[in-house]
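1. what's the 3D shape of this:
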Amino acid sequence: MNKPAALLAARITAVVWIVASAVQFVVWAMIVVIGGDLVTPWWLWTVLTGAPVVLAVWWVTGALHAARRALARESRWTP
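-> Residues are numbered from 1 along each chain as shown. Next up, the predicted model:
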(Lines give C-alpha, C1' and ligand atoms only; values in the text may rest on other atoms or scores of the structure.)
Protein backbone atom coordinates (compact mmCIF):
# COMPACT_ATOMS: atom_id res chain seq x y z
CA MET A 1 0.00 0.00 0.00
CA ASN A 2 1.55 3.30 -1.01
CA LYS A 3 1.67 6.29 1.31
CA PRO A 4 -1.30 8.25 -0.09
CA ALA A 5 -3.52 5.16 -0.06
CA ALA A 6 -2.42 4.19 3.46
CA LEU A 7 -2.96 7.71 4.72
CA LEU A 8 -6.37 7.83 3.05
CA ALA A 9 -7.34 4.52 4.68
CA ALA A 10 -6.28 5.81 8.09
CA ARG A 11 -8.19 9.06 7.64
CA ILE A 12 -11.34 7.29 6.43
CA THR A 13 -11.20 4.93 9.40
CA ALA A 14 -10.89 7.85 11.82
CA VAL A 15 -13.69 9.85 10.19
CA VAL A 16 -16.08 6.87 10.12
CA TRP A 17 -15.38 6.20 13.80
CA ILE A 18 -15.87 9.85 14.80
CA VAL A 19 -19.09 10.22 12.79
CA ALA A 20 -20.55 6.95 14.09
CA SER A 21 -19.69 7.90 17.67
CA ALA A 22 -21.14 11.39 17.29
CA VAL A 23 -24.39 10.13 15.74
CA GLN A 24 -24.82 7.57 18.49
CA PHE A 25 -24.13 10.17 21.17
CA VAL A 26 -26.68 12.57 19.68
CA VAL A 27 -29.32 9.82 19.48
CA TRP A 28 -28.57 8.81 23.07
CA ALA A 29 -28.74 12.44 24.25
CA MET A 30 -32.10 12.91 22.51
CA ILE A 31 -33.44 9.76 24.17
CA VAL A 32 -32.28 11.05 27.55
CA VAL A 33 -33.76 14.53 27.02
CA ILE A 34 -37.06 13.40 25.48
CA GLY A 35 -37.52 10.39 27.72
CA GLY A 36 -36.44 12.21 30.87
CA ASP A 37 -34.55 9.15 32.08
CA LEU A 38 -30.80 8.65 32.19
CA VAL A 39 -30.28 5.63 29.97
CA THR A 40 -27.09 3.58 30.02
CA PRO A 41 -24.56 5.28 27.70
CA TRP A 42 -24.45 2.53 25.06
CA TRP A 43 -22.60 4.84 22.68
CA LEU A 44 -19.47 4.24 24.77
CA TRP A 45 -19.16 0.79 23.18
CA THR A 46 -18.44 2.43 19.83
CA VAL A 47 -16.14 5.06 21.30
CA LEU A 48 -14.10 2.68 23.45
CA THR A 49 -13.83 -0.18 20.96
CA GLY A 50 -13.32 2.03 17.93
CA ALA A 51 -10.37 3.92 19.38
CA PRO A 52 -8.01 0.90 19.41
CA VAL A 53 -9.03 0.06 15.84
CA VAL A 54 -8.28 3.58 14.65
CA LEU A 55 -4.98 3.63 16.55
CA ALA A 56 -4.02 0.26 15.05
CA VAL A 57 -4.73 1.46 11.53
CA TRP A 58 -2.71 4.64 12.10
CA TRP A 59 0.13 2.63 13.68
CA VAL A 60 0.24 0.08 10.85
CA THR A 61 0.16 2.70 8.11
CA GLY A 62 2.79 4.75 9.95
CA ALA A 63 4.99 1.68 10.45
CA LEU A 64 4.70 0.78 6.78
CA HIS A 65 5.64 4.32 5.81
CA ALA A 66 8.62 4.32 8.20
CA ALA A 67 9.84 0.97 6.83
CA ARG A 68 9.63 2.24 3.26
CA ARG A 69 11.49 5.40 4.24
CA ALA A 70 14.26 3.35 5.88
CA LEU A 71 14.51 1.07 2.85
CA ALA A 72 14.73 4.07 0.54
CA ARG A 73 17.54 5.54 2.67
CA GLU A 74 19.45 2.25 2.56
CA SER A 75 19.14 1.99 -1.20
CA ARG A 76 20.52 5.53 -1.62
CA TRP A 77 23.41 4.92 0.77
CA THR A 78 26.70 4.24 -0.97
CA PRO A 79 29.80 3.20 1.00
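2. Okay, strands next: where are they in this structure?
-> Shown for the chain, no strands are assigned by DSSP state E.
3. So which residue is dead centre in it?
-> residue 54 (2.6 Å; CA atoms, centre = their mean).
4. Surely that one is in contact with residue 17?
-> Yes. With contact defined as CB atoms under 8 Å, residue 54 and residue 17 form a contacting pair (5.1 Å). For every residue, glycine as well, the C-beta is placed using N, CA and C.
5. between these two, what contacts are shared?
-> When contacts are counted by CB atoms under 8 Å, 6 or more residues apart in numbering, the set common to residue 54 and residue 17 is empty.
6. Might one say that residue 53 is in contact with residue 20?
-> No. Residue 53 is not in contact with residue 20 according to CB under 8 Å; the separation is 11.2 Å.
7. so how many other residues sit close to residue 25?
-> A total of 15 residues lie near residue 25 under the criterion other CB atoms under 10 Å.
8. okay, it: pLDDT?
-> As predicted, residue 25 sits at a pLDDT of 96.
9. which residues does it contact?
-> Residues counted as contacts of residue 25 (CB under 8 Å, 6+ apart) are residue 43.
10. Would you map the helices across the chain?
-> Along the chain, the segments classed as helices by DSSP state H run 3-35, 44-76.
11. Lowest mean pLDDT across the ones you listed, which one is that?
-> Lowest mean pLDDT within the helices of the chain: helix 44-76, at a mean of 80.
12. Return the set of buried residues in it.
-> By 16 or more other CB atoms under 10 Å, the buried positions in helix 44-76 come out as 46, 47, 50, 54, 57, 58, 61, 65.
13. got the angle for it vs helix 3-35?
-> Here helix 44-76 points in a direction 170 degrees away from that of helix 3-35 (axes from the mean of the first three to the mean of the last three CA atoms, to 10 degrees).
14. Run the chain-centre distance for stretch 48-62.
-> Here stretch 48-62 shows a centroid-to-chain-centroid distance of 5 Å under the convention CA atoms, centre = their mean, to the nearest Å.
15. quick revisit: what separation do you get for the residue nearest to the centre of the chain and residue 19?
-> 12 Å (CB to CB, to the nearest Å).
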